[in-house]
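Visitor: based on what follows, work out the 3D shape:
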Amino acid sequence: MEEMIKFITEHRSVCGIEPICRILQIAPSTYHLHLAKQNDPSKRSIGVRRDDVLKPEIERVFNANRRVYGARKLWHQMKREGFSIARCTVERLMWDLGLRGVIRGKIQQTTKSNKADICPQDLVNRQFKVSAPNRLWVSDFTYVSTWQGFVYVAFVIDAYARRIVGWRASRTPHTAFVLDALEQALYERNPVQKSGLIHHSDRGSQYVSIKYTERLADAGVEPSVGSVGDRYDNALAETINGLYKAEVIHRKGSWKSFEEVEIATLEWVNWFNHQRLFEPIGDIPPAEAEENYYAALDKIPKAA
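Guide: As a prediction, this is how the structure comes out:
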């Protein structure tokens, strides 16, 4: 209807209102009523006026979250900000505004395993739900095509709240760069030696290398490697990789340089940890989930 009203307004000086309305099969009174509502918002219905208020807020929240949220996450974020709004309303207004969240593509295999390598046991067995932070870390890396060649990006994720605790970008997929991501995680989290923390990865040669295995041993972290060797053995890390590719990499047509990818990854990791809503942890950001865990610990009475 809005398009029809706009068309009539644009051509009425040439063709006249009634002849256009006759062709479009719309009553002239309907046109005049819509025009009056456009000129005087107070004449609009309560629902339409509420939509006029909500639309800029929906667009603001969508833009503030990197334009990646679909209706469900946008609805949860609106509720977190105090808006009383139904999910169907968010879906309808997003459609009106032409807003659409990103869609994940299919998973790409990056690491290559050598069946002759001696690997640690699988201590996870595809069970990625843990009761506290620093109980299970998962690692994997992916790649990005740029004008200057491939850029490889590695992540270390704490399974409790899906928080990215270490990451690194590199021009080569050698062991050193995934080791750098691990070093960042160890520095940031400073896990207690022999506390039961498990580090899980796929059977990629970088993760079962002597250097990587020795660093885990030095830090008192138990190594774990998927036993079957398919993507389900490291499904949580594959999920984070998929989100990264969908929410950062695939949204831009082409990447020029290593530096461009590195800066974009830094910005995304910060947003992911502190703002992105994650359904498996209650549609809250990873950092908030960890804060809630430690706040609940503080409330437990200390033994005498």
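
Visitor: buried sites along stretch 127-138?
Guide: F128, V130, P133, N134, R135, L136, W137, V138 (16 or more other Cβ atoms under 10 Å). All C-beta atoms are positioned from the backbone trio N, CA, C, and that covers glycine.

Visitor: how about the residue nearest in space to the middle of the chain, secondary structure?
Guide: Central residue of the chain (Cα atoms, centre = their mean): L243, 5.1 Å from the mean position. Assigned with DSSP: H, G, I helix; E, B strand; the rest coil, L243 falls in the helix class.

Visitor: let's see the pLDDT reported for it.
Guide: Per-residue confidence at L243 stands at 94 (pLDDT).

Visitor: check contacts around it.
Guide: R104, F272 (Cβ atoms under 8 Å, 6 or more residues apart in numbering).

Visitor: among the buried residues of stretch 127-138, which lie within strands?
Guide: L136, W137, V138 (DSSP state E).

Visitor: what's the closest non-adjacent residue to the second one?
Guide: Put plainly, it is W137. In space, W137 comes closest to H199 once its chain neighbours are excluded; the distance is 4.9 Å by Cβ to Cβ, 6 or more residues apart in numbering.

Visitor: for Q184, same thing?
Guide: Take Q184 and drop its neighbours on the chain: the residue closest to it by Cβ to Cβ, 6+ apart is G166, 3.8 Å away.

Visitor: check what pLDDT the nearest residue to V138 once chain neighbours are set aside gets.
Guide: Of all residues not flanking V138 in the chain, A237 sits nearest, at 4.3 Å (Cβ to Cβ, 6+ apart). What the model reports for A237 is a pLDDT of 93.

Visitor: do S205 as well
Guide: On the pLDDT scale, S205 is placed at 87.

Visitor: how close does it sit to G47?
Guide: To G47, S205 is 60 Å away according to Cβ to Cβ, to the nearest Å.

Visitor: out of these two, which sits in the more crowded spot?
Guide: Neighbours per residue (other Cβ atoms under 10 Å) separate S205 from G47, with S205 holding more: 15 against 9.

Visitor: on that earlier part again, what's the most distant pair in the buried residues of stretch 127-138?
Guide: Pairwise distances across the buried residues of stretch 127-138 peak at 14.5 Å for F128 and N134 (criterion: Cβ to Cβ).

Visitor: what about the residue nearest to W137, helix or strand, and which?
Guide: Here H199 sits within strand 198-201, counting by DSSP states H and E.

Visitor: list the neighbouring strands of that strand plus their orientation.
Guide: With DSSP bridges as the test, strand 198-201 is paired with strand 136-146 (parallel), strand 222-225 (parallel).

Visitor: gap between the longest one and the chain center?
Guide: Its chain's C-alpha centre lies 15 Å from the corresponding centre of strand 136-146 when counted by Cα atoms, centre = their mean, to the nearest Å.

Visitor: got the contact list for T30?
Guide: Listed by Cβ under 8 Å, 6+ apart, the contact set of T30 reads C21.

Visitor: on that earlier part again, quick one: the residue nearest to Q184 and V156 touch, right?
Guide: Yes: under the criterion of Cβ atoms under 8 Å, G166 makes contact with V156 at 3.7 Å.

Visitor: got the buried residues for the lengthiest helix in the chain?
Guide: The single longest helix within the chain, with elements called by DSSP state H, is helix 46-64. Neighbour-count burial for helix 46-64, counted by 16+ other Cβ under 10 Å, picks out D51, L54, I58, E59, V61, F62.

Visitor: tell me the SS of V124?
Guide: Assignment for V124 (three-state DSSP): coil.

Visitor: so for it, what's the pLDDT?
Guide: With respect to pLDDT, V124 scores 90.

Visitor: ok, it to T89 distance?
Guide: 41 Å.

Visitor: could you pull up the mean pLDDT of stretch 274-293?
Guide: Average pLDDT, stretch 274-293: 96.

Visitor: chain center to that stretch, what's the gap?
Guide: Put simply, stretch 274-293 sits 12 Å off its chain's centre (Cα atoms, centre = their mean).

Visitor: kindly check the end-to-end length of it for me.
Guide: Chord length of stretch 274-293, first to last residue, is 15 Å (Cα to Cα, to the nearest Å).
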